[in-house]
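Trainee: Using only what follows, build the 3D model:
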Amino acid sequence: MTVAQATAAELRGLGVDHFFLMSGRDNALWVAFQAVGIRQVLTRSEQAAVCMADGYARITGRPTFTYGANGPGASNVAGALAEPFWSSSPVIALCSMMRRTERFKSEYQDLEQLPLFQSVTKWGVEVPVAGQVPRFIREAARRSVTGRPGPVYLGVPGDVIDEEVPGYRSPAPNEAAIEMPVLRPSPTAADVDTVVAALRGAARPMIVAGNGVHQSAGYEPLRLLAERLGVPVVTSLGGKGTIAENHDLAFGAVGRYSRNYANEALSRADVILAVGTALGGLVTDGYKLIKPGAALYHVSMDADVLGSHFPTRLGMLADARSFLSMALESCDRSNDHRAANGQNGHHGNGHNGNGNGRIGNGHIGNVHNGNVHNGNGHHGNGHESRYHATSPWVAELTERRDAWRGARADLGLRDGSDGRPMRPEAIMPVLDELMADDAIVVADTGYASAWAGALLELRSAGRNFLRADGSLGWAFPGALGAQMAAPEKQVICVIGDGGFGYNVTEIETMVRLNLPVTVVILNNQTLAFELHVQDLLLRHPVPEVDDFLDVDYGGVARAFGANGIRVTNAADFRLALSSALERRGPTVIDAVIDRNAIPPATRYDAVRTREL
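Mentor: Below is the predicted model of the structure:
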């Protein structure tokens, strides 16, 4: 077998069925991939290929491969890898290199590639010998999902790709298939008991759930733990969707792009359990939301962040789901101890003998007003949902959340029907209402993340919200990758006109591959973040670096062969979205919005009072 054929065999052995690329050379690879049935997804640029691979990897949790030809192709891949690096996504850059005999001879497109990848990957290697390629493909896949997941770089000289691999044996299909997390380290039972006791004894406890809960699929134990202890849950934007946002104990996103009451609540918490989040600057609003004196208990797969940003009572290097499941067991032990001491209601009678606390497993019920919340157990493993009586802390936050929802509804009345420009607050409730419970929302960085991340209320827990961690324009190709990973689901991309311009040519990819993504462009004809900083903070707008022409992106989409429509009011947006979700075809909705609308972001708190 040649290296090209062995590479195809290794990828099939790893369970790889999609490969994202902008081609340019190394044609033996494409012939070999086609022969083993790997779907090769051609994009219009290497940057878009990385974004698509990233969206695909975040949904599947599996190592996902992308490609760059040697020199400029590889450098384009490196530039786009910052996003999966920030988001801890297992994207593998398989790039060709200059042929070995022509290195350092001023050959066309020769470039020293390894340094380009060092700051945007967790590991990288260049393989100059044919016999080592299969082993390093497996190693790249393993490293991408081990510990804190992230991208890796694998470089192979172009002439090596055509060489034979001595004595090579192909792996069986899915023989070595892996996905994150490969390892699930657990904390000690004593540490878990300490955390549970601290949450029980707190006056103002709070759980902060991050992306690590998604990566470990810790949704059910997170919900059950919150219910058992009656603890409010807030999320980072990366953790949005780790708990259904219509749950009584879900209080939305915190940080720079957030809900104002949620930020204020986190700053007042006396005991904080942070699970699966680095507690970086975005989620803590510049490291301000966790106050001195708060008892912080931090669970992460990344040892570097434990105790790094805040004084930490206890840091645990552990998988989020492993920790949360052990915390549920700790609740059982403490509840059993309390029951043995007469602190629970009588068998089958619930708390203080009121109601029925049994869920068919004979456990004693500890319930709120005699009813077990949702009546849900823990996937049949003997756990029941013991929902504690609402504390004054939860009651206060519930009142604040209700008031916030009222303010959001009031702003949504600016729907473009009265001659005034439509505000995004009129768009998000329509999305909430019409999209399926398991729809995937993909939001771009900046204002798009703020509007969607703070205002949308996802009705089910799961990997149903993806956001760009900093790369403007990522969301459109990222949504295409997410759609390929979940073809049966609705995928909705929320992006600004500035971000959409980065990858507008990928409309052709969406149409060519018939991907039924619905793109919602919040079109205000400007880079609004920059405009508002200049206007509100500097008092000196610079329109020549902010403003764009008024482009009809609905017309642009139609020129590419997609369904395209422009709307200026919420009623027309409702019709367009309903039609798009029903027809299941490539769609771009160009929603013209108020350029002066300020999203739920903390950037301007010094000069204005946040509306939401």
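Trainee: What sits closest to the spatially most central residue of the chain if chain neighbours are left out?
Mentor: Computing the C-alpha centroid of the chain and ranking residues by Cα atoms, centre = their mean puts residue 466 first, at 3.7 Å. In space, residue 466 comes closest to residue 442 once its chain neighbours are excluded; the distance is 4.6 Å by Cβ to Cβ, 6 or more residues apart in numbering. Glycine gets a C-beta too; all of them are placed from N, C-alpha and C.
Trainee: quick one: average pLDDT of the host helix or strand of that neighbour?
Mentor: Secondary structure assignment for residue 442, by DSSP states H and E: strand 440-443. If you average the pLDDT over strand 440-443, you get 98.
Trainee: With stretch 307-320 instead?
Mentor: In this model, stretch 307-320 carries a mean pLDDT of 96.
Trainee: Can you tell me what sits against it?
Mentor: With Cβ atoms under 8 Å, 6 or more residues apart in numbering as the test, stretch 307-320 has contacts from 181, 183-187, 191, 194-195, 198, 212-213, 215-216, 218, 222, 275-276, 278-280, 284, 287, 290, 292, 295-301, 303, 306, 323.
Trainee: Check which residues of stretch 560-573 are buried.
Mentor: 560, 562, 563, 564, 565, 566, 567, 568, 569, 570, 572, 573 (16 or more other Cβ atoms under 10 Å).
Trainee: likewise stretch 430-440?
Mentor: Within stretch 430-440, the residues that count as buried by 16+ other Cβ under 10 Å are 430, 431, 432, 434, 435, 439, 440.
Trainee: Format these as JSON lines; extra columns: secondary structure and distance to residue 601.
Mentor: What follows is the buried residues of stretch 430-440, written out as JSON lines (DSSP: H, G, I helix; E, B strand; the rest coil; distance: Cβ to Cβ, whole Å):
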{"residue": "430", "secondary structure": "helix", "distance to residue 601": "22"}
{"residue": "431", "secondary structure": "helix", "distance to residue 601": "19"}
{"residue": "432", "secondary structure": "helix", "distance to residue 601": "20"}
{"residue": "434", "secondary structure": "helix", "distance to residue 601": "26"}
{"residue": "435", "secondary structure": "coil", "distance to residue 601": "23"}
{"residue": "439", "secondary structure": "coil", "distance to residue 601": "24"}
{"residue": "440", "secondary structure": "strand", "distance to residue 601": "23"}
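Trainee: Helices along the stretch 101-250 of the chain, start to end?
Mentor: 114-117, 133-145, 158-161, 189-201, 211-215, 219-229 (DSSP state H, counting those that start in this stretch).
Trainee: For the second one, which helices and strands make contact with it?
Mentor: Spelled out, it's helix 133-145. Under the contact criterion of 3 or more Cβ pairs under 8 Å, 6 or more residues apart in numbering; DSSP states H and E, helix 133-145 touches helix 3-13, strand 91-97, strand 123-126, strand 152-157.
Trainee: and the next element down the chain from the least confident helix or strand in the chain by mean pLDDT?
Mentor: Least confident helix or strand, the chain: helix 320-340 with a mean of 84, by mean pLDDT, DSSP states H and E. As assigned by DSSP H and E, the chain's next helix or strand after helix 320-340 is helix 392-411.
Trainee: returning to that earlier point: pick the most buried one from the helices of the stretch 101-250 of the chain.
Mentor: Mean neighbour count (mean count of other Cβ atoms under 10 Å) peaks for helix 211-215 among those, with a mean of 29.
Trainee: Tell me, how many residues neighbour the residue nearest to residue 466?
Mentor: Counted with other Cβ atoms under 10 Å, the neighbours of residue 442 add up to 31.
Trainee: again with residue 522
Mentor: Residue 522 - counted by other Cβ under 10 Å - has 27 other residues nearby.
Trainee: before we move on, what SS does it have?
Mentor: Secondary structure, DSSP: H, G, I helix; E, B strand; the rest coil: residue 522 is strand.
Trainee: just checking, it touches residue 493?
Mentor: No. Contact criterion Cβ atoms under 8 Å: residue 522 and residue 493 do not qualify, at 10.8 Å.
Trainee: quick one, helices of the stretch 501-612 of the chain?
Mentor: Under DSSP H, counting those that start in this stretch, the stretch 501-612 of the chain gives helices at 506-512, 528-532, 553-560, 570-583.
Trainee: Now render those as CSV, adding mean pLDDT.
Mentor: Formatted as CSV, the helices of the stretch 501-612 of the chain follow (pLDDT from 0 to 100):
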stretch, mean pLDDT
helix 506-512, 98
helix 528-532, 95
helix 553-560, 98
helix 570-583, 97
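Trainee: Out of the ones you listed, flag the one nearest residue 252.
Mentor: Closest to residue 252 of the helices of the stretch 501-612 of the chain, according to Cβ to Cβ: helix 528-532, at 21.1 Å.
Trainee: Report the distance from the closest one to the chain centre.
Mentor: Here helix 528-532 is found 25 Å from its chain centre; the criterion is Cα atoms, centre = their mean, to the nearest Å.
Trainee: Adjust the sequence numbering to begin at 21 for everything that follows.
Mentor: OK, 21 is where the count begins now, so the last one is helix 548-552.
Trainee: Now do that helix: everything it contacts.
Mentor: Contacts with helix 548-552, where a contact means Cβ under 8 Å, 6+ apart, come from 466-467, 516, 518, 561, 563, 565-567, 615, 617-618, 623-624.
Trainee: Just among those residues, which is most surrounded?
Mentor: residue 467 leads those on contacts (other Cβ under 10 Å) with 28 neighbours.
Trainee: wait, what's in contact with it?
Mentor: 516, 542, 548, 549, 619, 621.
Trainee: same deal with residue 47?
Mentor: No contacts exist for residue 47 under Cβ under 8 Å, 6+ apart.
Trainee: Quick one: low-confidence residue ranges for the protein.
Mentor: Counting by pLDDT under 70, the chain shows low-confidence ranges at 193-197, 355-409.
Trainee: before we move on, the earlier item: now the strand holding residue 462, how far from the centre of its chain.
Mentor: For strand 460-463, the distance to the chain centre is 9 Å (Cα atoms, centre = their mean).
Trainee: just to revisit the earlier point, what's the angle between the least confident helix or strand of the chain and helix 239-249?
Mentor: 30 degrees (axes from the mean of the first three to the mean of the last three Cα atoms, to 10 degrees).
Trainee: quick revisit: could the buried residues of stretch 580-593 go into TSV alongside distance to residue 113?
Mentor: Putting those into TSV (distance: Cβ to Cβ, whole Å) gives the following:
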residue	distance to residue 113
580	28
582	29
583	33
584	33
585	37
586	37
587	39
588	42
589	44
590	42
592	42
593	38
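Trainee: so which two of these are the farthest from each other?
Mentor: 580 and 590 (26.2 Å).
Trainee: mind listing what residue 435 touches?
Mentor: 442, 443, 446, 589, 590, 591.
Trainee: switch the cut-off to 6 Å
Mentor: 442, 446, 589, 590 (Cβ atoms under 6 Å, 6 or more residues apart in numbering).
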